[in-house]
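A.B. asks: I'll drop the sequence and a predicted model, then ask my questions.
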Amino acid sequence: MASILYYAILSGVLIGLYYSLMALGLNLVFGVTRIVNLSHGDFIMLSAYTSFWLFFYFHLSPLVGLVIVIPLFFLVGILTYFALVKKLLKSKDPEMTSFIVFFGLSFSIESAAAITFGNSYRSLPLNFLPISHINVFGYSMPFVNVFVAILAVIVILFTYVYLNRTKIGLKTRAIMSNKETAISFGINPGVIFAVSLGIGIAITAIAGVFSPYFFGAIYPSEGGIITIIAFSIIIIGSLGNPLATVIGGIVYGLIINVTGIYIPGWSYAITFIVLVTIILVRPNGILGGKIREV
Amino acid sequence: MKFNKYTKVLIGILVFYLVLYLVGPMVYSNQSFFETLIIFTILTLSFNIVYGFTGYLPFGYAAFFGLGAYGFGIAVMRGFDIETALAMGGALSLLFAVIFIPMLRLKGAYFAIANLAAFEGIYYIFSNQSLDWLTRGPYGISIPSVYNFGETYVASVVILVVITVLTLYIKTSNIGLAFKAIKEDQTTASLSGINVPLYRAMAWMISALFAGFSGGLFAWYLSFFYPESVFSINYSLFVIVFTIFGGAGTLMGPIIGTIVLYSAYDTIGITYPEYFTLIFGIAIILLVLFLPNGLMDLISKYTKKEMV
Amino acid sequence: MLGIQNVSVSFGKLKALNNVTYQVEAASLNTIIGPNGAGKTTLVNVVSGILHEDSGEIWMEGMKINAFSPSKRAKLGIARTFQIPKPFYNLTGYENIKIGAIFAGENDKKNAEEETERVIKILDLGSIVNKKCKELNTDQLKLIDLGRALVSKPKYMFVDEMGAGLSEHEIIGVSKLIRDIVEREKISIIYIGHVMKLVKELNAPITVFHEGSPIFRGSYTEVVQNKRVVEIYLGDRYAGSN
């Protein structure tokens, strides 16, 4: 029994890193623009479908698909800024407006996907990877989990370097910290928002390419659950603090795996309960400070 | 009873209901259209009580609808009579509303997410195989013995009238004033002597209760449904679009919004549901960016009169 | 009497109120001054109930009110205005005040209207009350805010800075208004001020706050002659002035 538990923990950490990757883009976007992208999961879905069709029609392995998808979705992010975000930031209540806009966008993307791709479940094979399993600390892990975990770490490190060691990263952190002050220092918020949205969606797209291996299949309405999972992860970590997403992801991965052993079939319900409880008890996440409420 | 602007509007609406719902089916034979329209109007008016009046936007609102349906269905399966079953539909919805009252402490993003998560969680509970001894799990509820369109229709009209009158009552009373204050600024409302947690919980519970009734009526009308038919996030989208289009916080707004947009949906949409969700999705984006105050606001700007 | 005892409030590492004890008598006029960040507004937030203290007690008329919600405290008789007003923007000035009359003042419909009219008269707001607050300027909003506070029949009222941008003549007017309210309505006013001309005009006992603690109590003359106060806040211009 203990051996299964250790396996679950190890696997939980690996999978958790994927989930961190999955939620990272969302947290970055929120941290910078204070906008909650309720259609986050749908971008994962779109990226998954893109990778799928590249494989299906052009026989391109997901690794190649990855290279195409990153710049493509970076542009999608920039487009989203100019088409929607710019306008909604000018409304009377930008936060509330952003919920409704992205809620609507989610429906639009999902129905458009259902119309275009049909509702049947798709999946991707694993044969683009050299080996199927690899030995980690004495346990045989699916190589894809390890591969993606490593990829996630690379992306997270890239994000860290971007935010902390580049000039634009510095400007981004300034905006994240205090938008008005940053603007008075001459930082152009529009540019930062657009780039952050581009990077955020691109990171999301990376996670999207590998999503079939973690969610089982690709289908148009998978976005809803994915968005909620992503938010669970961010809130567990700390909303607005992109690097804290790692903690949230790993905790989430562990919960899913460990509850999977003892109460199979209820893993999802447990996540929702954890999420709702955390939001009620400590909304600023494990890393956030306490908040004062009326 | 004072014969003022509000009474006139109420009488107007009741007459309108009479014509539409009593005469209407004689003219246009698609009875299910009218029944579903009534149910959606009840749902939208209920939603309006929490969103239009207090400003809270519960994206997971569809959960109350599903809970009402399941409350009714489970009660019927256990042998309760129709009236009790309907009451239990409302009660189940109310029960979950009470459980989630603490959620109302949350601001903006947190409330929206917690709400959506709660919806998914509730849907999950009711569609879960392990609970099928109670809920029939993924197999759905089938209660053909209680099917009675006539009775359902009458009950629906009655509940519609009740929620309409209740909405107007709230709007013209001190309770409605408190709700308005909460929507504007909770801190100032608190300092003005309004017990904010109490009043917002009140709005939340009334809203959930009637949403539960609408779900119960729906279950009665269908007499057969799967979890995904009643726990569908689409219902959240619909009530949000109907309310914003018509004018949140007004009485006529949600009523007119539902009638106009649902009729459109029924005429065009049923054959191609995904096209319609696509159109509604785009519509809500455009609405909230370009017409956030809805039709009633547009009309009141044109006529220079405050719309009820 | 209204008072706080050993109250501390921290925001992360910043100690906004540091073990503060402060009290005021009924129907008295009091002033609090001090630099920004001294804890003045935090004090008001804690007493009015919208901010929770980390430790300490809040007492009113012999009753410990720590557990009371802001709305309950408003009904009991604690009112406050804001330095930057937060009205119900989409409602008229009249409605803003009337809501206070109905809920905090616990009046029925008819009395609420009478009370609202009365306060409008005291503050001379007749010309602006029927406009929506989003159409009013800051000075007008501050008066509406004061009206909302007054109409709740408070026993203790915190008034946060009314003197900004006023002329010499207007300052005398505001000062008279405030003193009138204390005498006629038997309300205890705690005026939080930056404009020293108005503070001088009010001629009330002053408490000076600095970095979360009260550091000096005295009359206007004593305050401007106190070396420490001059050093941390007033500057030489006021030193030795009368």
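C.D. replies: Noted; the coordinates are in hand.

A.B. asks: use CA for all of it now, contacts and neighbours both
C.D. replies: Will do.

A.B. asks: phi, psi of residue C:7?
C.D. replies: Main-chain dihedrals, residue C:7, degrees, to the nearest 10: phi -90, psi 130.

A.B. asks: If we ignore the residues flanking it in sequence, what's nearest it?
C.D. replies: Leaving aside its chain neighbours, residue C:7 sits nearest to residue C:56 (3.9 Å; criterion: Cα to Cα, 6 or more residues apart in numbering or on different chains).

A.B. asks: pretty sure the one you found is in a helix, no?
C.D. replies: No. Under DSSP: H, G, I helix; E, B strand; the rest coil, residue C:56 falls outside any helix and is assigned strand.

A.B. asks: For it, give me its contacts.
C.D. replies: When contacts are counted by Cα atoms under 8 Å, 6 or more residues apart in numbering or on different chains, residue C:56 touches C:4-8, C:19.

A.B. asks: Burial check on residue B:3, number of neighbours?
C.D. replies: 7 (other Cα atoms under 10 Å in any protein chain shown).

A.B. asks: That one in helix, strand or coil?
C.D. replies: coil.

A.B. asks: per-residue pLDDT, the closest residue to chain C within the stretch 151-300 of chain B?
C.D. replies: In the stretch 151-300 of chain B, the residue that lies nearest chain C is residue B:193 (3.9 Å; Cα to the nearest Cα). As predicted, residue B:193 sits at a pLDDT of 94.

A.B. asks: if we can go back for a sec, buried among the contacts of residue C:56? Make that a PyMOL selection.
C.D. replies: Those of those that count as buried under 16 or more other Cα atoms under 10 Å in any protein chain shown are selected in PyMOL with:
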select buried, chain C and resi 4+7+8+19
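
A.B. asks: Am I right that the residue of the stretch 151-300 of chain B closest to chain C falls within a strand?
C.D. replies: No. Assessed with three-state DSSP, residue B:193 is coil; it does not lie in a strand.

A.B. asks: mind listing what it touches?
C.D. replies: For residue B:193, the contact set (Cα under 8 Å, 6+ apart) comprises C:70-75, C:100, C:103-105.

A.B. asks: If we use 6 Å, what do you get?
C.D. replies: Residue B:193 is in contact with C:71, C:74-75, C:103-104, counting by Cα atoms under 6 Å, 6 or more residues apart in numbering or on different chains.

A.B. asks: For PyMOL, write the selection for the buried entries among those residues.
C.D. replies: Restricted to buried positions by 16+ other Cα under 10 Å, the PyMOL selection for these reads:
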select buried, chain C and resi 71+74+75+103+104
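
A.B. asks: For residue A:194, state which of the contacts of residue B:193 is nearest.
C.D. replies: Within the contacts of residue B:193, proximity to residue A:194 (Cα to Cα) peaks at residue C:71, which comes in at 43.2 Å.

A.B. asks: So that closest one belongs to a helix, correct?
C.D. replies: Yes. Judged by three-state DSSP, residue C:71 forms part of a helix.

A.B. asks: Retrieve the pLDDT associated with it.
C.D. replies: pLDDT, residue C:71: 94.

A.B. asks: quick one: buried residues of whatever helix or strand residue A:268 lives in?
C.D. replies: Using DSSP states H and E, residue A:268 falls within helix A:267-281. Residues of helix A:267-281 classed as buried by neighbour count (16+ other Cα under 10 Å): A:267-276, A:278-280.

A.B. asks: what's the spacing between the one helix or strand residue B:286 maps to and its chain's center?
C.D. replies: Applying DSSP H and E as the criterion places residue B:286 in helix B:273-290. Relative to its parent chain, helix B:273-290 has a centroid offset of 19 Å by Cα atoms, centre = their mean, to the nearest Å.

A.B. asks: got it, and stretch A:255-274?
C.D. replies: 20 Å.

A.B. asks: Strands of the chain, residue ranges please.
C.D. replies: Here I'm looking at chain A. For chain A, applying DSSP state E gives strands covering A:133-136, A:139-142.

A.B. asks: Please refer instead to chain C.
C.D. replies: Per DSSP E, chain C carries strands over the ranges C:2-11, C:14-24, C:29-33, C:55-60, C:63-64, C:78-80, C:156-160, C:188-192, C:206-210, C:213-218.

A.B. asks: just to revisit the earlier point, between the contacts of residue B:193, which sits nearest residue A:262?
C.D. replies: Closest to residue A:262, out of all of the contacts of residue B:193 and judged by Cα to Cα, is residue C:71, at 47.3 Å.

A.B. asks: That closest one touches residue B:195, doesn't it?
C.D. replies: Yes. The pair residue C:71 / residue B:195 is scored as a contact, 5.4 Å apart, by Cα atoms under 6 Å.

A.B. asks: Tell me the pLDDT of residue 163.
C.D. replies: By default, I'm working from chain A. On pLDDT, residue A:163 comes in at 90.

A.B. asks: actually it's chain C I care about, not the one you picked
C.D. replies: Note on residue C:163: pLDDT of 73.

A.B. asks: Could you report the neighbour count for it?
C.D. replies: Counted with other Cα under 10 Å, residues neighbouring residue C:163 total 22.

A.B. asks: Enumerate every residue touching it.
C.D. replies: Neighbouring residues of residue C:163 by Cα under 6 Å, 6+ apart: residue C:195.

A.B. asks: follow-up on the earlier one: now tabulate the contacts of residue C:56 in a markdown table and tack on distance to residue B:241.
C.D. replies: Below are these laid out as a markdown table (distance: Cα to Cα, whole Å):
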| residue | distance to residue B:241 |
| --- | --- |
| C:4 | 50 |
| C:5 | 52 |
| C:6 | 52 |
| C:7 | 49 |
| C:8 | 47 |
| C:19 | 52 |
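
A.B. asks: outside of the helix-or-strand element of chain A with minimal mean pLDDT, which residues touch it?
C.D. replies: In chain A, no helix or strand scores lower on mean pLDDT, DSSP states H and E than helix A:267-281, which sits at a mean of 76. For helix A:267-281, the external contacting residues (Cα under 6 Å, 6+ apart) are A:232, A:256, A:259-260, B:114, B:117, B:121.

A.B. asks: Bridge partners for the residue lying closest to residue C:80 once chain neighbours are set aside, pull those for me.
C.D. replies: Sequence neighbours aside, residue C:158 is the residue nearest to residue C:80 in space, at 4.4 Å (criterion: Cα to Cα, 6+ apart). Following DSSP bridges, residue C:158 is listed with bridge partners residue C:80, residue C:190.

A.B. asks: ok, residue B:212 - contacts?
C.D. replies: Listed by Cα under 6 Å, 6+ apart, the contact set of residue B:212 reads B:64-65, B:68, B:89-90, B:93.

A.B. asks: Output those in a markdown table, with distance to residue A:171 appended to each entry.
C.D. replies: Output for the contacts of residue B:212, formatted as a markdown table (distance: Cα to Cα, whole Å):
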| residue | distance to residue A:171 |
| --- | --- |
| B:64 | 44 |
| B:65 | 46 |
| B:68 | 50 |
| B:89 | 53 |
| B:90 | 52 |
| B:93 | 48 |
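
A.B. asks: wait, which of those is closest to chain A?
C.D. replies: Distances from chain A to the contacts of residue B:212, taken as Cα to the nearest Cα, are shortest for residue B:64 (17.1 Å).

A.B. asks: Quick check: phi and psi at the closest one.
C.D. replies: According to degrees, to the nearest 10, residue B:64 has phi -60, psi -40.

A.B. asks: Helices of the stretch 51-200 of chain B, residue ranges please.
C.D. replies: For the stretch 51-200 of chain B, helices defined by DSSP state H, counting those that start in this stretch occupy the ranges B:62-77, B:82-99, B:108-127, B:132-135, B:149-172, B:174-184, B:186-191, B:196-222.

A.B. asks: Give the other helices and strands that the third one contacts.
C.D. replies: Based on contacts counted as 3 or more Cα pairs under 6 Å, 6 or more residues apart in numbering or on different chains; DSSP states H and E, the elements that helix B:108-127 packs against are helix A:267-281.

A.B. asks: redo that, cut-off 8 Å
C.D. replies: Contact analysis of helix B:108-127 by 3 or more Cα pairs under 8 Å, 6 or more residues apart in numbering or on different chains; DSSP states H and E lists helix A:94-117, helix A:223-237, helix A:267-281, helix B:62-77, helix B:227-230 as its packing neighbours.
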